[in-house]
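Enquirer: 3D model of this:
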Amino acid sequence: MTPRPAPSTTAARRTPATVALRVRAMLATVLVTALVTGCSVRLETPSPSEPEPDSREVARRAAVTDALDVAELARVLLVETGTEEPPGPELARTVDAAAVHLEALGGVYDSGLVDPDGGEDVAVAPTSTPTSSPGAPEPEPSTTEVAGDPATEDLAELVERLSQGYSRSRGSLVTVPEAGLARLVASIGTAQLAQARTIAAAAGIPITPVDLPTTPTVPAELPGVPAGTLVPLVALEDAAGYAFEVVAARVGSEAERVAASARADVHRDRAQAWAVAAGVAGTTSDPRATVYALPPEVLSGEGATAHLGTLELGLADAYGTLLGSVAEDDRVAAADLLTDSYLSARTWGAAPLFFPGMPEQRD
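Expert: Reported below is the predicted structural model:
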């Protein structure tokens, strides 16, 4: 019988325990390699990039940039002209307004990221926004030409920037998703347009027309807005119309008489339009009255125009509030009524406001 060869030493050592030890050694090697490689990958990963701004942030940054541009130019002009003579006081208020607007908007966006050169990225330029509302005709090219000293040319540039800021604000209203920001943007734009007109009048320079209708009209309907929200507008507009009619019969200036009478017609027409939109025209729910109480100064003719300015400010507040409750497509109509009321208030002697149409932000 042939003897069986003895098993080799190597085969004898291939026990389950030995195999397990070898597998664990191999896994350890793989893990170490993966860790080293992973560290290398993380070191080579690009730096975090700036997040893409949404429509809210686009509108906010555009308004911030307009405020910064206006403040910078107005401050330079203020140093050149001083505050004693026009338009010095107007320039000083423009600087103050820009600072307040900038704060309300949240200031310049700081991402906190580090740029490739190692410096902090402290500001991000805004994405451009449309300067007019969808469907509106393109504004005419600027025809403002001012010949003369550099200060006058800079004033014309400031007026132009303020007007453009208004147009950008108006055009962004349909894209801003947040009603609160839409109200703020509309209010700031309205203030900027009023500042542009005031500075232009004080400096005797022309102003480029903006895409604000000469006489904004009441929308035929406002989907989603309850009638109870519109009924107070009926009473406010009708009371304003009555007051303007009384003043038109008492003021001494022919020009003021004509202007007050024309404005009375505007308010009466809007009262009727709101009554129809609310569904209360000709019903017992119609809040319009035949006569409205007026302060003594209006009846006496002394200080009558100041009361008209107060009434227009009240309407601006009402339309600013309405803007926050209408659909995005109806915001421009509400904003136009806000702007028209505030500009009329300034015409009739009301003091300038930083935030027209926003009584909660009253300065």
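Enquirer: What helix or strand is A335 located in?
Expert: In the assignment (DSSP states H and E), A335 maps to helix 331-347.
Enquirer: cool, T175 as well?
Expert: Using DSSP H and E, T175 sits within no helix or strand.
Enquirer: End to end on stretch 274-286, go ahead and measure it.
Expert: Stretch 274-286 has its terminal residues 10 Å apart, counting by CA to CA, to the nearest Å.
Enquirer: quick one: contacts of that stretch?
Expert: 218-222, 227, 230-231, 233-234, 237, 272, 287-288 (CB atoms under 8 Å, 6 or more residues apart in numbering). Bear in mind the C-beta positions are built from the backbone N, C-alpha and C, glycine included.
Enquirer: Pull out the buried positions in that stretch.
Expert: W274, A275, V276, A277, A278, V280, A281, D286 (16 or more other CB atoms under 10 Å).
Enquirer: What values do phi and psi take at T175?
Expert: When read as degrees, to the nearest 10, the backbone of T175 gives phi -110, psi -10.
Enquirer: whoops, L294 was the one
Expert: phi -130, psi 150.
Enquirer: ok so, going back, among the buried residues of stretch 274-286, which ones are in helices?
Expert: W274, A275, V276, A277, A278 (DSSP state H).
Enquirer: any idea which of those is closest to E302?
Expert: W274 (31.5 Å; CB to CB).
Enquirer: Before we move on, what's the pLDDT of that closest one?
Expert: On the pLDDT scale, W274 is placed at 98.
Enquirer: Could you pull out the helices in the stretch 101-250 of the chain for me?
Expert: Here the stretch 101-250 of the chain has its helices, by DSSP state H, counting those that start in this stretch, at 150-172, 179-203, 227-248.
Enquirer: looking at these, which is closest to A262?
Expert: helix 227-248 (8.6 Å).
Enquirer: quick check: angle from the closest one to helix 331-347?
Expert: 30 degrees (axes from the mean of the first three to the mean of the last three CA atoms, to 10 degrees).
Enquirer: Dump helix 227-248 to CSV, keeping only the CA atoms.
Expert: Provided in CSV are the C-alpha atoms of helix 227-248 (Å, rounded to 0.1, in the frame of the first residue of the first chain):
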residue,chain,number,x,y,z
ALA,A,227,-66.2,93.8,-1.5
GLY,A,228,-65.7,94.8,2.1
THR,A,229,-62.1,95.9,1.3
LEU,A,230,-63.3,98.1,-1.6
VAL,A,231,-66.3,99.8,0.1
PRO,A,232,-64.1,102.1,2.2
LEU,A,233,-62.4,103.3,-0.9
VAL,A,234,-65.8,104.5,-2.3
ALA,A,235,-66.3,106.7,0.8
LEU,A,236,-62.8,108.0,0.8
GLU,A,237,-62.8,109.0,-2.8
ASP,A,238,-66.3,110.5,-2.7
ALA,A,239,-65.4,112.6,0.4
ALA,A,240,-62.3,113.8,-1.3
GLY,A,241,-64.3,114.8,-4.4
TYR,A,242,-66.7,116.8,-2.2
ALA,A,243,-63.9,118.6,-0.4
PHE,A,244,-62.2,119.5,-3.7
GLU,A,245,-65.5,120.9,-5.0
VAL,A,246,-65.9,123.1,-1.9
VAL,A,247,-62.4,124.4,-2.1
ALA,A,248,-62.8,125.1,-5.8
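Enquirer: Quick one: list the elements packing against it.
Expert: helix 254-278, helix 296-300, helix 304-323 (3 or more CB pairs under 8 Å, 6 or more residues apart in numbering; DSSP states H and E).
Enquirer: any idea of the angle the first one forms with helix 304-323?
Expert: Think helix 254-278. Using the same axes, to 10 degrees: helix 254-278 against helix 304-323 is 30 degrees.
Enquirer: Return the residues in contact with A67.
Expert: Per CB under 8 Å, 6+ apart, neighbours of A67: A98, H101, L102, L105, G165, I188.
Enquirer: now the helices and strands packed on helix 227-248 in JSON lines, with distance to P177?
Expert: Output for the helices and strands packed on helix 227-248, formatted as JSON lines (distance: least, CB to CB, whole Å):
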{"stretch": "helix 254-278", "distance to P177": "25"}
{"stretch": "helix 296-300", "distance to P177": "43"}
{"stretch": "helix 304-323", "distance to P177": "14"}
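Enquirer: Could you single out the most deeply buried of those helices?
Expert: helix 304-323 (a mean of 22; mean count of other CB atoms under 10 Å).
Enquirer: Would you mind getting the angle between that one and helix 179-203?
Expert: Here helix 304-323 runs at an angle of 150 degrees relative to helix 179-203 (the same axes, to 10 degrees).
Enquirer: Helix 304-323 - what's its average pLDDT?
Expert: Helix 304-323 shows a mean pLDDT of 96.
Enquirer: With stretch 212-224 instead?
Expert: Stretch 212-224 shows a mean pLDDT of 95.
Enquirer: buried sites along it?
Expert: So for stretch 212-224, counting by 16+ other CB under 10 Å, buried means L212, P216, V218, P219, L222.
Enquirer: That stretch: end-to-end distance?
Expert: By CA to CA, the extent of stretch 212-224 from end to end equals 25 Å.
Enquirer: Check the offset of that stretch from the chain's centre.
Expert: 19 Å (CA atoms, centre = their mean, to the nearest Å).
Enquirer: Not counting it itself, show me its contacts.
Expert: Contacting residues not belonging to stretch 212-224 are listed as 166, 170, 193, 230, 266, 270, 273-274, 276-277, 326-327, 330, 333, 336-337, 339-340 [CB under 8 Å, 6+ apart].
Enquirer: what about 7 Å?
Expert: Contacts to stretch 212-224, defined as CB atoms under 7 Å, 6 or more residues apart in numbering, come from residues 266, 270, 273-274, 277, 326-327, 330, 333, 336-337, 339-340.
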